[in-house]
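Student: Output the structure for:
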Amino acid sequence: MLRRHPKLCLPEQKELHFWDWHRRRGLSWYSEQFRFADKANKSKLPDILCGEITPCYITLPETDICEIKALFPDVKLIFLVRDLVDRAWSALLMELRNAVRGVQLGKFDIEDRVDQRQIDKLDRESDPARQTDDYFMERLTHSTHTERSDYAKGLIRWLKYFSKDQLIILDYEQISRQPKELLEKICEHIGIESASLFNVLSAKDMSTKVNAATGTTSNQAMRPSLRRKMENHLRPMAREFNLLLDELAYDIRISEYGG
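Tutor: Sure, this is the predicted structure:
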C-alpha cells in the first residue's frame with residue numbers, strides 16, 4: 001500500500017533482502033532497485049523518499065548496521081511486532097514448503113518451475129501434520145529462528161547506532177484491524193503526509209494483505225501439544241521484549257503466554 005504514495009519509492013520486489021542475502025551484489029545493484037524513482041519523478045526527486053521492507057533485517061550483525069548508519073545516517077526504521085508463536089509458526093510453515101519445493105535461500109521465485117498439478121502434490125507433501133512436534137521444535141531452536149524471535153536482542157543492536165526517534169515499533173495486527181491508523185503512524189514517522197495515500201487507496205486496497213501465505217488449509221493449524229512447547233520456549237524472549245518496550249515507553253505488549 002505504501003508504494004502508492006506519490007512521494008515514496010519502494011522496490012518492485014517487496015522483500016529485497018539486500019543486506020542479508022544480496023550484499024555481495026554491491027551498492028550499485030541496490031541503487032538500481034530504486035531506478036524508477038529517477039524515471040517517474042525526476043523533477044521531484046529531492047522530495048522522493050526511498051525505502052524497502054525486509055523483516056529479517058532485525059537479525060543483521062553490527063557490522064552491517066554500522067555500514068547502514070554510515071551510508072544512511074538519517075534513515076527511519078519501522079519494526080512491526082508480531083506474536084512470537086504466530087510469527088515462528090508462519091516461518092516454520094514457509095520453511096517446510098520451501099524445503100519440499102527445493103527453493104534456494106535468496107531466490108525470489110518459488111513456483112515458476114512447476115505446474116499447478118506439481119504444486120498441489122508439493123502442498124500435500126508439505127502438510128505440517130506429517131511432521132512431529134520434535135521436528136518443529138528442532139527447527140525452532142535453530143539459530144536462524146532463535147535470532148528472528150529474539151526481538152529485544154535484535155533491536156538493542158540497532159539502537160546502538162540509531163536514536164530512539166529514528167525507530168517506531170508498531171503492532172502487526174493493525175495491518176488487518178486498523179490499516180488506516182497504521183499507515184498514518186508510518187507516514188508521520190517518515191515525514192510525509194498521509195492524505196495523498198488515502199486519496200488513491202480503495203477499500204479493497206486497505207483490506208489486501210501483501211505476501212499472504214498461499215496454500216493454507218485447516219491441516220496447517222498448530223497442534224495444542226506443539227503450541228505449548230513453542231510457548232514455553234519463546235516465553236523468555238517475550239518477557240525480555242516487553243521489558244524493552246517499557247524502557248522505550250511504548251504501550252503495546254506481546255503475549256507472555258500466561259507466564
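Student: Give me the spatial nearest neighbour of T59, chain neighbours excluded.
Tutor: E147 (4.2 Å; C-beta to C-beta, 6 or more residues apart in numbering). Where C-beta positions appear, they are placed from N, C-alpha and C, glycine not excepted.
Student: Tell me the confidence at that neighbour?
Tutor: Reading off the per-residue confidence, E147 sits at a pLDDT of 96.
Student: tell me the contacts of it?
Tutor: In this structure, E147 makes contact with I58, T59, K153, G154, judged by C-beta atoms under 8 Å, 6 or more residues apart in numbering.
Student: in the stretch 1-150 of the chain, which spans are strands?
Tutor: With DSSP state E, counting those that start in this stretch as the definition, the stretch 1-150 of the chain shows strands at residue ranges 8-9, 49-50, 77-81.
Student: which residues are in contact with the last one?
Tutor: The list of residues contacting strand 77-81 from outside it, by C-beta under 8 Å, 6+ apart, reads 55, 58, 151, 155, 158, 162, 166-172, 175, 186, 189-190, 241, 252, 254.
Student: how close does the nearest residue to G51 once chain neighbours are set aside sit to L16?
Tutor: Sequence neighbours aside, L10 is the residue nearest to G51 in space, at 6.1 Å (criterion: C-beta to C-beta, 6+ apart). Relative to L16, L10 is positioned 9 Å away (C-beta to C-beta, to the nearest Å).
Student: so what's in contact with these two at the same time?
Tutor: Taking C-beta under 8 Å, 6+ apart as the contact criterion, the residues that touch both L10 and L16 are E52, I53.
Student: Give me the longest helix you can find in the chain.
Tutor: Scanning the chain for the helix with the most residues, using DSSP state H, yields helix 224-247.
Student: List the buried residues in it.
Tutor: 226, 229-231, 233-235, 237-238, 241-242, 244-245 (16 or more other C-beta atoms under 10 Å).
Student: Output the contacting helices and strands for that helix.
Tutor: Packed against helix 224-247 by the contact rule (3 or more C-beta pairs under 8 Å, 6 or more residues apart in numbering; DSSP states H and E) you find helix 84-101, helix 133-140, helix 151-159.
Student: Any idea which of those has the lowest pLDDT on average?
Tutor: Out of those, the stretch the model trusts least by mean pLDDT is helix 84-101, with a mean of 90.
Student: Next, the angle helix 133-140 makes with it.
Tutor: If you take axes from the mean of the first three to the mean of the last three C-alpha atoms, to 10 degrees, helix 84-101 sits at 100 degrees to helix 133-140.
Student: list the buried ones in helix 84-101?
Tutor: With the criterion 16+ other C-beta under 10 Å, helix 84-101 contains buried residues 84-85, 87-89, 91-93, 95-97, 100-101.
Student: go on, stretch 144-158?
Tutor: H145, T146, R148, S149, D150, Y151, A152, K153, G154, L155, R157, W158.
Student: How about residues contacting the strand or helix carrying I169?
Tutor: In this assignment (DSSP states H and E), I169 forms part of strand 167-171. Contacts to strand 167-171, defined as C-beta under 8 Å, 6+ apart, come from residues 76-81, 155, 158-159, 182, 185-186, 189, 245, 248, 250, 252.
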